[in-house]
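*Asks:* fold the stuff below for me.
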Amino acid sequence: MENKTLTMKRLKDAVFADSFERDRAGNFVVRRGFYFRNGGTAESFCESVIDQLESAGIKFTVVNFGEHWAPLRGGASTRNSSHWYVTVAAA
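*Replies:* This next block holds a predicted model:
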């Protein structure tokens, strides 16, 4: 499989997530929101993103990952709600 550079379109095509954006450093931030964790963790979401990007043949480096917890607010964006996130950079 040929290696592809990471772009927002390729990221959206390759990864199942709720939110995609770029941070100030130019890295890509992928988020998946949750209300109940149901056994999920930030580590499992990170592994899922890694597996999906590798399956798509995209070169990348994981910069950071974690969990953001916020109280429930109706209508809030994924970024302002509880979510797991993974920050990746093009390799």
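*Asks:* when you work out contacts or count neighbours from here on, use the C-alpha atoms and nothing else.
*Replies:* Noted.
*Asks:* does the nearest residue to Ala17 once chain neighbours are set aside count as helix, strand or coil?
*Replies:* Spatially, and ignoring its direct neighbours in sequence, Ala17 is nearest to Arg32 (5.1 Å; C-alpha to C-alpha, 6 or more residues apart in numbering). Look at Arg32: counting by DSSP: H, G, I helix; E, B strand; the rest coil, its state is strand.
*Asks:* check what pLDDT Arg32 gets.
*Replies:* Here, the pLDDT recorded for Arg32 equals 97.
*Asks:* residues contacting it?
*Replies:* Applying C-alpha atoms under 8 Å, 6 or more residues apart in numbering to Arg32 gives the contacts Ala17, Asp18, Ser19, Thr78, His83, Trp84, Tyr85.
*Asks:* narrow these to those that are buried.
*Replies:* Burial by neighbour count, judged by 16 or more other C-alpha atoms under 10 Å, picks out Ala17, Ser19, Thr78, His83, Trp84, Tyr85 from these.
*Asks:* lowest-confidence entry in those residues?
*Replies:* By the confidence score, Thr78 is the least certain of the buried ones among the contacts of Arg32, showing 92.
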